[in-house]
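K.L.:
this is the structure alone, sequence omitted:
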């Protein structure tokens with residue numbers, strides 16, 4: 001993202017005659033700023049304002065839905081969950097079903113982060129009823145969102161005291177998930193770790209979160225969550241050295257994350 005930003009900043013946007021190409025440059029600059037901020041290299045609030053300015057100035061642009069979603073992600077990182085939900089809801093007006101279902105799933109995860117488990121469960125259940133048309137690309141996108149909704153439901157069950165059921169269900173989801181899918185793999189193993197912690201099985205939970213640390217660290221938000229849990233779990237099993245290592249990695253790599261020590 002640093003290299004991309006440097007290249008984009010060298011473009012003389014004032015010389016670009018095409019409105020669409022200028023908008024593409026603006027979006028990509030804001031996108032890189034958002035990714036860097038969520039990784040701890042930049043200011044979350046400023047990155048959010050930058051992307052929001054793009055969305056406000058380009059309401060007819062094909063990137064508009066994606067821009068609003070990214071603003072939502074940045075607001076979640078700042079723990080501003082209700083405001084994030086407002087931005088996540090905007091793609092629900094899209095005529096494309098993949099945007100509609102993604103909006104509902106994103107809202108569910110924001111509600112989950114806010115501790116609104118019943119509302120999150122209702123959102124995930126709604127998402128599971130939404131289907132794509134015969135377009136192959138749309139069906140694949142909707143299938144991925146269904147998987148995220150299933151994982152979110154498991155997180156809700158664990159939070160509501162049904163840890164054993166949650167562990168059983170998430171193991172079934174992991175068994176049919178492509179291990180090369182970084183986002184689904186990370187979310188699923190974090191859900192497994194959370195359910196195992198709720199079931200008072202810290203050793204097993206350690207292994208679940210270590211999966212994310214070792215195999216899925218390229219998903220920043222999920223890696224940060226895994227590290228936060230590992231820092232606590234290593235302390236529980238009296239491995240202070242590993243606890244300090246996990247906490248330091250979290251502090252250095254994801255200082256802007258909601259999972260980082262404040």
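P.N.:
Thanks, I have the structure now. Given the structure is predicted, the values throughout are model-derived calculations rather than measurements.

K.L.:
and residue 176, how far from residue 184?
P.N.:
10 Å (C-beta to C-beta, to the nearest Å). Every C-beta, even on glycine, is put in place using the N, C-alpha and C of the backbone.

K.L.:
show the contacting residues for residue 197.
P.N.:
205, 229, 233 (C-beta atoms under 8 Å, 6 or more residues apart in numbering).

K.L.:
the more surrounded of residue 176 and residue 184?
P.N.:
Shown here are residue 176 and residue 184; by other C-beta atoms under 10 Å, residue 184 has more neighbours (22 against 7).

K.L.:
contacts only, for that one.
P.N.:
144, 147, 148, 151, 177, 178.

K.L.:
run the last query once more with 6 Å
P.N.:
147, 177 (C-beta atoms under 6 Å, 6 or more residues apart in numbering).

K.L.:
ok, now residue 110?
P.N.:
Neighbouring residues of residue 110 by C-beta under 6 Å, 6+ apart: 76, 81, 84, 85.

K.L.:
what is the nearest of those to residue 58?
P.N.:
Using C-beta to C-beta, residue 84 is the member of the contacts of residue 110 that lies nearest residue 58, at 20.4 Å.

K.L.:
so that closest one makes contact with residue 70?
P.N.:
No. When contacts are counted by C-beta atoms under 6 Å, residue 84 is not listed as touching residue 70 (10.7 Å).

K.L.:
can you map out the helices along the chain?
P.N.:
Taking DSSP state H as the criterion, the chain contains helices spanning 2-9, 19-38, 44-57, 64-77, 81-89, 97-113, 117-129, 136-159, 163-175, 182-198, 202-215, 220-236, 240-253.

K.L.:
can you put those helices in CSV and add mean pLDDT and distance to residue 259?
P.N.:
Formatted as CSV, the helices of the chain follow (pLDDT from 0 to 100; distance: least, C-beta to C-beta, whole Å):
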stretch, mean pLDDT, distance to residue 259
helix 2-9, 92, 23
helix 19-38, 93, 11
helix 44-57, 94, 13
helix 64-77, 94, 9
helix 81-89, 95, 14
helix 97-113, 93, 10
helix 117-129, 95, 18
helix 136-159, 89, 15
helix 163-175, 96, 20
helix 182-198, 96, 11
helix 202-215, 96, 12
helix 220-236, 95, 4
helix 240-253, 94, 7
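
K.L.:
out of these, which is closest to residue 261?
P.N.:
Short answer: helix 240-253, nearest of the helices of the chain by C-beta to C-beta, at 6.3 Å.

K.L.:
show me how far the closest one is from its chain's centre.
P.N.:
21 Å (C-alpha atoms, centre = their mean, to the nearest Å).

K.L.:
and what of stretch 65-80?
P.N.:
That offset, for stretch 65-80, works out to 10 Å (C-alpha atoms, centre = their mean).

K.L.:
what comes up buried for that stretch?
P.N.:
65-77, 80 (16 or more other C-beta atoms under 10 Å).

K.L.:
so what touches that stretch?
P.N.:
Contacts for stretch 65-80 (C-beta under 6 Å, 6+ apart): 34, 38, 44, 47-48, 51-52, 54-55, 83-84, 87-88, 90-91, 94, 99, 110, 258.

K.L.:
same question for stretch 186-196.
P.N.:
151, 154-155, 158, 163, 166-167, 170, 173-174, 177, 204-205, 208-209, 211-212, 216, 219, 222, 225-226, 229.

K.L.:
can I have the buried ones of these as a PyMOL selection?
P.N.:
To isolate the buried ones among the contacts of stretch 186-196 in PyMOL, judged by 16+ other C-beta under 10 Å, type:
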select buried, resi 151+154+155+158+163+166+167+170+173+174+177+205+208+209+211+212+216+219+222+225+226+229
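
K.L.:
so for residue 130, what's the pLDDT?
P.N.:
On the pLDDT scale, residue 130 is placed at 87.

K.L.:
next, give phi and psi for it.
P.N.:
phi -90, psi 130 (degrees, to the nearest 10).

K.L.:
pretty sure it contacts residue 103?
P.N.:
No. Assessed by C-beta under 6 Å, residue 130 is found out of contact with residue 103, at 10.1 Å.

K.L.:
these two: who's more crowded?
P.N.:
residue 103 (26 against 17).
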